[in-house]
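Asks: Kindly generate the corresponding structure for this input.
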Amino acid sequence: MEKNPEFIFTCSQAQQFEWVKSWYPGLYSQIQHFASKGQFVPVGGTWVEMDGNLPSGESMVRQFLEGQRFFYKEFGRYCSEFWLPDTFGYSAQLPQIMRGCGITRFLTQKLSWNLVNTFPHNTFFWEGLDGSQVLTHFPPGNSYEMKCKVEDLLNTVRNNKDKGRANHSAVLFGYGDGGGGPTQIMLDRLQRVWDTDGLPKVQMSTPDKLFTELEDDSALLCTWTGELFLELHNGTYTTQAQIKLGNRQCEALLHDIEVASSLALCRGKSFQYPSKKLQELWRLLLLNQFHDVIPGSCIEMVVQDALKYYQEIHSAGADLLKEACGVLGAGTGAPEASGSMALNTLPWERMEVISLPGGATQPKLALVQVPSIGAAAVTDSVEPVCPVSVTTQADGTVVMDNGIIRVVVDKAGRVVSLCLVKSKREAIADGSTGNQFVLFDDVPLYWDAWDVMDYHLQTRKPVSELVQPVHIVCPGGLRGSVSFSLRISGQSSLSQELILDAMCPYVKFQTQVDWAESHKFLKVEFPVRVRSASATYEIQFGHLERPTHRNTSWDWARFEVWGHKWADLSEHGFGVAVLNDCKYGYSAYKNTLTLSLLRAPKAPDANADMGKHQFTYAVMPHAGSFQDSAVIQSAYNLNFPLRLFPRGKSSSNNSSSSAFSVSSPAIILETIKQAEDRTDALVVRLFESHGSSASVTLATSLPVKEAVHCDLLERPDSSATVPVTASGIPLTFKPFQIISLLLILK
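Replies: Okay, the predicted model is just below:
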């Protein structure tokens, strides 16, 4: 930069700047100097260049919150463009999240890697799930590490699919994908061809200037609606299962700490909200969401670091949660059946069976009723409307029935029948069995950890070797369960407990796998009695549909897709959902819903996924639509278990309190936290989850004196105050809209 004053360098990822600031303060001062001159340009607005599929909606918000606030503090400006050249697909909610964080422009090039279909645009408007739009540019050179050769410039012009609609494009040059950056030779090449006859006109520029040019001439640009699905690297939804588990658990833990700490802040005047420590833990989690860590496409040393960071979050987070719950319970000591409270961090009332400390061979169980965003004393007074019955049939099958669903399990642990009791509607397809484990050969063409190819589907092999047949573990009452084990191969085995709780609309499959395979892929299938051309998958702050057929090459390319806590296959009046607590890979073909469980790639980590795994999934048949039958709420319940904490001696046996509730099940209250810049305010984030317009009331028992709309960076909109009435705060939502409120406390 000193030798080439015209040279402009872009750099993303606030985390990188933070490391340089901590370890090389002299170099950081130089970066700030050249940033002030406009030569060194911070871009992206996120903490790291995160994966675009797997982080939760709230995690994506925090990527921008931490990144944008860092850039503003250190460089005096927010980024106006999202910079994510190399991640493996882009969620349909990203446009709304970007706009909520002050970003209206997006640059990537990864969809040029599509294996099947060529993406039709380079410059276009990308429209998200809620209708939000961002101007998007894919550099036509299809690379983020060009070398400024003549062929790079010619390719950039030749490959532009929007000629006539957009006449400017970016050339990203330097040694990328491993580092090194631009060289003097590259700059000299550009200098020679600034304005050469027969070659494209080239100028050194900034992302802001490029996008401004594109915006000024955007009248004819096309619009792409929905997700930007990468037709490659589908294996990253499943590789390194322990990292996926750590991510989901830590997202839930940080959510619960923030809820409990917010309630404690309003309950105890002396309680200090742990904002600094929470920021440290969030930044660790966000670091692990880098686009080669959470996808599992990292070397073994990085895996070890990532798992260590998750352990740090668990350890420090447990202390923070205990401290907040201590204020809520105003008591200390180990939880006991007679002295415990249950914390519900979700915005609806829950009635669930929980395990209490003190059980000897069998867990001590209780059915508890806990209000929304609140706590209740654990007592023995709640009785189920219908206890669970468990009976063994003459043919060796076991029947479990809780009055809501009836499950029949054969000797090998397969579900031969899954029936809604009230309507007698069968969920399992004729002549088929659910909970069928299947093993595939998994030898990709290119990159082990990244890819699974469509031809792996031709190698399907059911796992059928029985080690221990089904036997009853819990005989019924509050809980019925059966257990069995299978041999996957000479090296690998699995055991599973099928659990049906009283009052629960789904059956859980608690699974343990000892995995020692090479280039194999383990999945579990549920062929269901449903006919539908599309299946629905949860994504960040919403859901979307994908085809269950393979009519076109675009459909076929989605043979393995990603989703979050649930996927659903429904016809009018009936459907079946698969829920999970740590998996992200799914497929739905015709009438079979499949959950991807474990892979066994050998590069870049030769030991990827080897060892013991524990995970839980669940199956939920339902009458009506998944929206009306609380599939979304059930998936949250599975992922955010009720948390026990000690009850103080002064608390009455019937003590129960609710801090927030929402008048419509369509609206999810996702986040409650202390505001970033003021200690006398909370931020609550809600979203519409059904795909509907809704007018609702957010009720609260907290001492709120004022409510103001704010963006995802928590910047208040002073023109958008919301009345706080005796019944609550009235809000209006469009489909899949995210709303953040700043609640000023009395």
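
Asks: Near the closest residue to Tyr506 other than its chain neighbours, how many other residues are there?
Replies: Once flanking residues are discounted, Tyr506 sits nearest to Met620: 3.7 Å by C-beta to C-beta, 6 or more residues apart in numbering. C-beta: built from backbone N, CA, C; applies to glycine. For Met620, the neighbour count with other C-beta atoms under 10 Å is 27.

Asks: do the same with the one 10 residues further on
Replies: For Ala630, the neighbour count with other C-beta under 10 Å is 17.

Asks: Which positions in stretch 101-113 come out as buried?
Replies: Neighbour counts using 16 or more other C-beta atoms under 10 Å place Cys101, Gly102, Ile103, Thr104, Arg105, Phe106, Leu107, Thr108, Gln109, Lys110, Leu111, Ser112 of stretch 101-113 among the buried residues.

Asks: what does stretch 174-184 give?
Replies: Applying a neighbour-count criterion of 16+ other C-beta under 10 Å, the buried positions in stretch 174-184 are Gly174, Gly176, Pro182.

Asks: distance of the nearest residue to Thr732 once chain neighbours are set aside from Asp711?
Replies: In space, and not counting its chain neighbours, Thr732 is closest to Ser695: 5.0 Å by C-beta to C-beta, 6+ apart. With distances defined as C-beta to C-beta, to the nearest Å, the gap from Ser695 to Asp711 amounts to 22 Å.

Asks: show me where the stretch 501-650 of the chain has helices.
Replies: All helices of the stretch 501-650 of the chain, identified by DSSP state H, counting those that start in this stretch, fall at 553-556, 631-639.

Asks: likewise the chain?
Replies: 14-23, 25-37, 57-75, 94-100, 150-158, 184-192, 207-216, 241-267, 275-288, 300-329, 553-556, 631-639 (DSSP state H).

Asks: follow-up on the earlier one: single out the most deeply packed of the helices of the stretch 501-650 of the chain.
Replies: helix 631-639 (a mean of 22; mean count of other C-beta atoms under 10 Å).

Asks: Please work out the average pLDDT along that helix.
Replies: For helix 631-639, mean pLDDT is 98.

Asks: what about it, distance to the chain center?
Replies: For helix 631-639, the separation from the chain centroid amounts to 14 Å (computed by C-alpha atoms, centre = their mean, to the nearest Å).

Asks: again with stretch 523-542
Replies: Taking the mean C-alpha point of stretch 523-542 and that of its whole chain, the gap between them comes to 17 Å (C-alpha atoms, centre = their mean).

Asks: Just the buried positions in it, please.
Replies: Along stretch 523-542, these residues count as buried under the neighbour rule (16+ other C-beta under 10 Å): 523-530, 532, 535-542.

Asks: Quick check: end-to-end length of that stretch?
Replies: When the termini of stretch 523-542 are compared using C-alpha to C-alpha, to the nearest Å, they are 25 Å apart.

Asks: hang on, the earlier thing: closest to Thr397 out of the helices of the stretch 501-650 of the chain?
Replies: Evaluated over the helices of the stretch 501-650 of the chain, closeness to Thr397 peaks at helix 631-639, with 25.6 Å, by C-beta to C-beta.

Asks: Tell me the helices and strands packed up against that closest one.
Replies: Using 3 or more C-beta pairs under 8 Å, 6 or more residues apart in numbering; DSSP states H and E as the contact criterion, the elements in contact with helix 631-639 are strand 566-571, strand 574-580, strand 611-623.

Asks: could you dump the ones you listed to a markdown table with distance to Arg678 and mean pLDDT?
Replies: Formatted as a markdown table, the entries for the helices and strands packed on helix 631-639 read as follows, by distance: least, C-beta to C-beta, whole Å; pLDDT from 0 to 100:
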| stretch | distance to Arg678 | mean pLDDT |
| --- | --- | --- |
| strand 566-571 | 36 | 98 |
| strand 574-580 | 38 | 98 |
| strand 611-623 | 39 | 98 |
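
Asks: Show the end-to-end separation of stretch 67-85, please.
Replies: 17 Å.

Asks: what's the spacing between it and its chain's center?
Replies: In terms of C-alpha atoms, centre = their mean, the gap separating the centre of stretch 67-85 from the centre of its chain is 23 Å.

Asks: Which members of the buried residues of stretch 174-184 are positioned in strands?
Replies: Within the buried residues of stretch 174-184, no residue falls in strands by DSSP state E.

Asks: Let me have those residues in CSV, extended by pLDDT.
Replies: Formatted as CSV, the entries for these read as follows, by pLDDT from 0 to 100:
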residue, pLDDT
Gly174, 92
Gly176, 82
Pro182, 93
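
Asks: closest to Asp380 among these?
Replies: Out of the buried residues of stretch 174-184, the one with the shortest distance to Asp380 is Gly176. That distance is 62.4 Å, counting by C-beta to C-beta.

Asks: Figure out which of the helices and strands packed on helix 631-639 is closest to Gln272.
Replies: Distances from Gln272 to each of the helices and strands packed on helix 631-639 were compared using C-beta to C-beta; the shortest belongs to strand 611-623, at 35.1 Å.

Asks: which one of Ser695 and Asp711 has more residues nearby?
Replies: More neighbours surround Asp711 than the other of Ser695 and Asp711, with 14 against 11 (other C-beta under 10 Å).

Asks: Got the phi and psi for the closest residue to Gly624 other than its chain neighbours?
Replies: Spatial nearest neighbour of Gly624, chain neighbours left out: Gly573 (6.4 Å); criterion: C-beta to C-beta, 6+ apart. Phi and psi for Gly573, reported as degrees, to the nearest 10, are phi 90, psi -10.

Asks: Now do Gly573, the pLDDT please.
Replies: Each residue has a pLDDT score; the one for Gly573 is 98.

Asks: Leu466 contacts Ala412, doesn't it?
Replies: Yes - with contact defined as C-beta atoms under 8 Å, Leu466 and Ala412 form a contacting pair (5.2 Å).

Asks: Do I have it right that the residue nearest to Thr732 meets Leu731?
Replies: Yes - shown here, Ser695 and Leu731 form a contact pair, counting by C-beta under 8 Å, at 7.4 Å.
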